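K.L.:
Here's my sequence, what's the structure:
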Amino acid sequence: MEKPTKTPLVVRSAQALFFLNTLIWLAFGIVTLVRMTDGYPGQAVMAVVIGGMMFGNALLMLVSGLCIGKARKLSFVFALAVLAINILLTLTDQFGVYDFATLVIDLAILGLLLAARRWYLQRPV
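P.N.:
From the prediction side, this is the model:
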């Protein structure tokens with residue numbers, strides 16, 4: 001059986017949520033840099049490190065969103081790994097309303113990807 005060429009709606013929905021997460025993490029990174037450099041000028045290095053991790057997370061979300069549009073097992077596994085790390089880190093850090101929002105988005109993406117897993121795991125003939 002050949003892999004379908006059209007991207008399923010469930011995958012496109014997961015992509016949209018990955019892109020939303022990208023924007024959220026970019027905003028978190030910018031706000032963190034501004035707040036920490038304004039409020040704690042002596043901790044500029046720490047602000048860059050924390051902001052940099054948030055920008056890195058945004059980049060991983062963007063790459064995941066772009067990659068899952070292809071029916072490739074590696075894209076599926078990469079996206080699941082990014083989500084697993086994000087969910088784990090969200091639960092191990094201080095937990096607030098923004099963490100809850102990103103956790104809900106991450107769990108929604110996870111559910112969508114698991115629903116579409118056959119699209120990624122089919123073997124081409």
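
K.L.:
Give me the distance from the host helix or strand of Ser64 to the chain's centre.
P.N.:
Using DSSP states H and E, Ser64 sits within helix 44-67. How far helix 44-67 lies from its chain's middle: 10 Å, per C-alpha atoms, centre = their mean, to the nearest Å.

K.L.:
middle-most residue in the protein, spatially?
P.N.:
Met61 (3.4 Å; C-alpha atoms, centre = their mean).

K.L.:
May I have the predicted confidence score for it?
P.N.:
pLDDT, Met61: 97.

K.L.:
show me what contacts it?
P.N.:
Counting by C-beta atoms under 8 Å, 6 or more residues apart in numbering, Met61 touches Phe18, Phe19, Asn21, Thr22, Trp25, Val82. Just so you know, the C-beta spots here come from the backbone N, C-alpha and C atoms, and that holds for glycine as well.

K.L.:
just these now: which is nearest Phe100?
P.N.:
Using C-beta to C-beta, Asn21 is the member of those that sits closest to Phe100, with 13.6 Å.

K.L.:
Just the CA trace of stretch 75-82, in PDB.
P.N.:
The C-alpha trace of stretch 75-82 is given here as PDB (Å, rounded to 0.1, in the frame of the first residue of the first chain):
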ATOM      1  CA  SER A  75       9.700  13.100  11.700                       C
ATOM      2  CA  PHE A  76       7.100  11.400  13.900                       C
ATOM      3  CA  VAL A  77       9.600  10.100  16.400                       C
ATOM      4  CA  PHE A  78      11.400  13.500  16.500                       C
ATOM      5  CA  ALA A  79       8.100  15.400  17.200                       C
ATOM      6  CA  LEU A  80       7.200  12.900  19.900                       C
ATOM      7  CA  ALA A  81      10.600  13.300  21.500                       C
ATOM      8  CA  VAL A  82      10.200  17.100  21.500                       C
END
